[in-house]
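Q: Okay, structure incoming, though there's no sequence with it:
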């Protein structure tokens, strides 16, 4: 399980990085919704890592940060997720509070999978938004990542 989780986090990191690069190259043509979604995706990853590690996180889920900063944050998120995979019992149940202050309990493995699934979902929304604005969407399907990384 740990090996597979590392692989899907590498996939998420790679395509989030490529998407950020693509947005940076678009400069003024970046659709506002895409900016909001990529920020949300990166912010949520940071927040979930903090929940698992029981660390205070000042980042807001819909906070807007300069796109240029997202590349480094994405890298830190990835490194933190790999450290979590290596050092935590993935079957452990932990309690945390969501952004509304509600308490929940989940298994770490499920929380980690949620981060990857959440990122994939929003990259798909960004691809749709790109098409709507006449931009070529970045193909970020997992199988394309695996074909290029065998």
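A: Looks like it arrived, so ask away. Quick caveat, the model's predicted, so the values are computed rather than measured.
Q: tell me the SS of the residue of the chain positioned farthest from its centre?
A: The centre of the chain is farthest from one residue, residue 134, which by Cα atoms, centre = their mean lies 24.7 Å away. Under DSSP: H, G, I helix; E, B strand; the rest coil, residue 134 falls in the coil class.
Q: where's residue 15 relative to residue 104, distance?
A: 28 Å (Cβ to Cβ, to the nearest Å). Where you see a C-beta, it was placed from the backbone N, CA and C, and this is true even at glycine.
Q: So between the two, which is more surrounded?
A: The residue with more neighbours, out of residue 15 and residue 104, is residue 15; 20 against 11, by other Cβ atoms under 10 Å.
Q: Now do the same contact list for that one.
A: 119, 123, 138, 140, 145 (Cβ atoms under 8 Å, 6 or more residues apart in numbering).
Q: can you tell me the helix or strand for it?
A: Assessed by DSSP states H and E, residue 15 sits inside helix 2-26.
Q: Can you point out the buried residues in that helix?
A: Neighbour counts using 16 or more other Cβ atoms under 10 Å place 5, 8-9, 11-16, 19-20, 22-23, 26 of helix 2-26 among the buried residues.
Q: Quick one: mean pLDDT for that helix?
A: If you average the pLDDT over helix 2-26, you get 95.
Q: Tell me the confidence at residue 64?
A: At residue 64, pLDDT is 97.
Q: secondary structure class for it?
A: With three-state DSSP as the criterion, residue 64 reads coil.
Q: Apart from its neighbours in sequence, what residue is nearest it?
A: The shortest distance from residue 64 to any non-neighbouring residue, by Cβ to Cβ, 6 or more residues apart in numbering, is to residue 39 (5.3 Å).
Q: what helix or strand is that neighbour on?
A: helix 32-53.
Q: repeat for residue 99
A: Under DSSP H and E, no helix or strand contains residue 99.
Q: re earlier: got a winner among the contacts of residue 15 for most neighbours?
A: residue 119 (27 neighbours).
Q: Now do the contacts for that residue.
A: Counted by Cβ under 8 Å, 6+ apart, residue 119 has contacts 12, 15, 16, 41, 45.
Q: Most widely separated two among these?
A: Pairwise distances across the contacts of residue 119 (Cβ to Cβ) peak at 12.6 Å, for the pair 15 and 45.
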